[in-house]
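Participant: coords please:
(one chain, ligands or ions: 1)
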Amino acid sequence: MLSDINEYFHAASDLLGLSDRVRSILLTPRRVVKTELIIENDNGQLDSYIGFRVQHNNARGPMKGGLRFHPSVDEDHSTALASLMTWKTAVVDLPYGGAKGGIACDPQKMSDRELHRLTSVFVERMKEIIGPTTDIPAPDVNTNSKIMGWIMEEYSKYEGFSPGVVTGKPLQLFGSNGREEATGRGIMYVLIEALEQKGHSLEEVTVAIQGFGNVGSNAARLLHEAGAKIVAVADAGGGVANMDGLDIPKLIEWVTETRTVKDFAGGEGFESDEVLSWKADVLIPAALDGVLHEGNADKVEAKIIIEGANGPTTPEANKILADKNVLIVPDILANAGGVTVSYFEWAQNIQHFRWDDERITTELEKIMRKAYAEVYRISQSKNVDLRTAAFYVAIQRVMDAANSRYYISET
Ligand code: NAD
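Facilitator: Below is the predicted model:
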């Protein structure tokens with residue numbers, strides 16, 4: 001994944017005429033922390049885990065990025081995702097840099113008490129480098145609002161009351177209205193923008209979605225409410241399709257009960273992977289990275305892809321899809337609604353003032369639409385795709401801030 005992100009970074013850097021020296025400054029993480037975490041398990045034995053935090057760049061502000069609990073967490077993956085956060089926060093113009101981290105562990109095999117101990121030890125080790133003005137973690141794979149609440153509590157034990165140290169907290173514990181659906185809502189706004197550029201509207205399009213978790217199900221619900229026809233949805237269990245449009249509220253009820261879209265009575269079942277080549281105007285990959293690759297990109301039927309997941313398209317697939325004239329709204333722009341509402345949560349924590357739903361929605365729409373318009377403008381003026389344009393905008397902003405702070409020279 002790191003090499004894919006860097007390939008996109010270099011394409012935009014070529015356009016900006018950046019020297020190897022400046023590229024190296026922009027790519028090198030500011031700080032990488034790897035730490036052993038020892039906890040007592042429920043049987044009274046000691047277990048050891050490795051935790052990571054990669055702080056990529058803080059030229060534009062405190063660093064921001066998720067915390068993942070998964071066996072695959074390692075330095076390379078955290079570094080890749082930390083750099084993605086630097087470009088993502090810059091492209092939507094949030095006053096943040098990028099970070100990422102996590103613990104190599106399998107939460108499915110751990111009790112809540114063990115997870116609580118592990119999270120507390122992680123904070124104890126990281127407390128000097130995280131904080132509301134330095135690095136603000138958030139939920140990611142296998143971490144949730146409950147764990148964010150534990151982080152706030154543990155950090156506050158050392159530093160005093162600090163709700164702004166972490167976002168994605170429970171609503172009753174200084175969380176924000178609208179955070180749950182934020183990424184799906186952001187996806188809706190960029191899709192509206194992409195369609196408007198082509199003279200179309202949501203009511204005219206059919207949509208296929210891979211993934212029906214937080215991102216996929218919220219995007220489906222909001223798009224359905226706004227008049228789009230969701231014709232196919234797939235998750236890890238299987239797929240379901242209805243060319244007249246799926247009844248999304250009923251599908252959400254079904255998934256709440258059964259944990260999968262498979263066997264939903266309101267449509268025909270299909271093999272999960274087929275969703276990527278479904279005959280629909282819009283495809284939203286909202287599950288895993290690398291799902292659109294050299295082996296399947298030529299089978300994509302959609303004319304617009306909105307990247308809900310991080311890194312769903314490999315550079316090889318990106319080229320094939322460009323040749324097919326498919327418009328791709330890249331992850332760093334398309335799924336930035338989540339970090340944007342995290343920013344609102346942090347702002348509310350610092351102000352000690354809660355915003356209502358309407359304010360969150362209005363501000364999110366403004367930020368997403370403005371970011372799309374700027375990226376689209378650059379893509380037109382430089383004659384490049386939206387991904388290169390998004391990286392161009394992001395790198396330029398990080399460069400400008402870095403230059404104002406430390407002087408690294410323009411190229
Ligand atoms: P989630 O765990 O809530 O949902 C993941 C979904 O993907 C589930 O429905 C799962 O069944 C499905 N899935 C897993 N393997 C699959 C497969 N092989 N085929 C089809 N579906 C499969 O995760 P999420 O929070 O919705 O995140 C999804 C993606 O979006 C990830 O790449 C994540 O990094 C990215 N993302 C999430 C947010 C956010 O706010 N949650 C923000 C930005 C980016």
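
Participant: Let me know how buried Ser381 is, in neighbour terms.
Facilitator: Close neighbours of Ser381, defined as other CB atoms under 10 Å, add up to 9. C-betas here are computed from N, CA, C, even on glycine.

Participant: and if you look at Tyr96?
Facilitator: 26.

Participant: and if you look at Ile136?
Facilitator: When neighbours are counted by other CB under 10 Å, Ile136 comes out with 25.

Participant: Kindly export the helix or strand that it is a member of (C-alpha atoms) in PDB.
Facilitator: Under the criterion of DSSP states H and E, Ile136 resides in strand 135-139. Taking C-alpha atoms only, strand 135-139 is exported to PDB below (Å, rounded to 0.1, in the frame of the first residue of the first chain):
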ATOM      1  CA  ASP A 135      -1.600  14.000  17.800                       C
ATOM      2  CA  ILE A 136      -5.300  13.100  18.100                       C
ATOM      3  CA  PRO A 137      -6.100   9.400  17.500                       C
ATOM      4  CA  ALA A 138      -9.500   8.200  16.300                       C
ATOM      5  CA  PRO A 139     -11.300   4.900  15.700                       C
END
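
Participant: Do that strand and the ligand come into contact?
Facilitator: No. Using CB under 6 Å from any ligand atom, strand 135-139 stays clear of the ligand, coming no nearer than 7.2 Å.

Participant: ok, Cys59 to Arg405 distance?
Facilitator: Check again: residue 59 is Ala, not Cys. 6 Å (CB to CB, to the nearest Å).

Participant: Have a look at the two and say which one is more surrounded.
Facilitator: Neighbours per residue, other CB under 10 Å: of Ala59 and Arg405, the larger number sits with Ala59, 21 against 11.

Participant: Need the three-state assignment for Val32.
Facilitator: Three-state call for Val32 (DSSP: H, G, I helix; E, B strand; the rest coil): strand.

Participant: my guess is it contacts Ser83, does it?
Facilitator: No. The criterion here is CB atoms under 8 Å, and Val32 misses it with Ser83 at 11.8 Å.

Participant: So for the two, which sits in the more crowded spot?
Facilitator: Legend: neighbour count by other CB under 10 Å for Val32 and Ser83, higher for Ser83 (25 against 16).

Participant: Quick check on that one: phi, psi?
Facilitator: phi -70, psi -40 (degrees, to the nearest 10).

Participant: can you pull the contacts of it?
Facilitator: 2, 5-6, 9, 27, 29, 56-57, 98 (CB atoms under 8 Å, 6 or more residues apart in numbering).

Participant: List the strands paired with the single longest strand found in the chain, with their directions.
Facilitator: The longest strand of the chain (DSSP state E) is strand 46-57. Strands that pair with strand 46-57, judged by DSSP bridges, come out as strand 31-40 (antiparallel), strand 97-104 (antiparallel).

Participant: Let me know the average pLDDT across that strand.
Facilitator: Average pLDDT, strand 46-57: 98.

Participant: ok, now stretch 248-261?
Facilitator: Mean pLDDT, computed over stretch 248-261, is 97.

Participant: Equivalent analysis for stretch 369-376, please.
Facilitator: For stretch 369-376, mean pLDDT rounds to 98.

Participant: buried stuff in that stretch?
Facilitator: Under the neighbour-count criterion of 16 or more other CB atoms under 10 Å, stretch 369-376 has 369, 371-372, 374-376 buried.

Participant: and what of stretch 107-127?
Facilitator: In stretch 107-127, counting by 16+ other CB under 10 Å, buried: 107, 110, 114-123, 125-126.

Participant: what's the closest of those residues to Ile187?
Facilitator: Pro107 (26.7 Å; CB to CB).

Participant: Could you measure from the closest residue to the ligand within the stretch 101-250 of the chain over to Gly184?
Facilitator: Residue nearest to the ligand within the stretch 101-250 of the chain: Gly213 (1.8 Å; CB to the nearest ligand atom). Between Gly213 and Gly184 the computed distance is 10 Å (CB to CB).

Participant: Also Ala11?
Facilitator: 28 Å.

Participant: More neighbours: these two, which one.
Facilitator: More neighbours surround Gly184 than the other of Ala11 and Gly184, with 25 against 17 (other CB under 10 Å).

Participant: which SS class is the more buried one?
Facilitator: Going by three-state DSSP: Gly184 is helix.

Participant: Which parts of the stretch 1-150 of the chain are helices?
Facilitator: 2-16, 20-27, 75-91, 112-126, 145-159 (DSSP state H, counting those that start in this stretch).

Participant: Between strand 135-139 and the third one, find me the angle.
Facilitator: For helix 75-91 and strand 135-139, the angle between their directions (axes from the mean of the first three to the mean of the last three CA atoms, to 10 degrees) works out to 100 degrees.

Participant: Can helix 75-91 be said to contact the ligand?
Facilitator: No. Applying CB under 6 Å from any ligand atom, one finds helix 75-91 out of contact with the ligand, separated by at least 8.1 Å.

Participant: what pairs with Ile103 across the strands?
Facilitator: Bridge pairing for Ile103 (DSSP bridges) gives the partners Gly51, Phe69.

Participant: Surely it is in contact with Asp47?
Facilitator: No. Look at Ile103 against Asp47 with CB under 8 Å: they stay out of range, at 11.4 Å.

Participant: Mutual contacts of these two, please.
Facilitator: With CB under 8 Å, 6+ apart, Ile103 and Asp47 have no common neighbours.

Participant: Look at the two and report which has more neighbours.
Facilitator: When Ile103 and Asp47 are compared on other CB under 10 Å, the one with more neighbours turns out to be Ile103, at 24 against 16.

Participant: From Ile248, how far off is the more buried one?
Facilitator: Ile103 is 35 Å from Ile248, by CB to CB.

Participant: for Leu321, same thing?
Facilitator: 27 Å.

Participant: quick one, what contacts Ala297?
Facilitator: 313, 316-317, 320-321, 324.

Participant: ok, those residues vs the ligand, which is closest?
Facilitator: Nearest to the ligand among the contacts of Ala297, counting by CB to the nearest ligand atom, is Thr313 at 11.9 Å.
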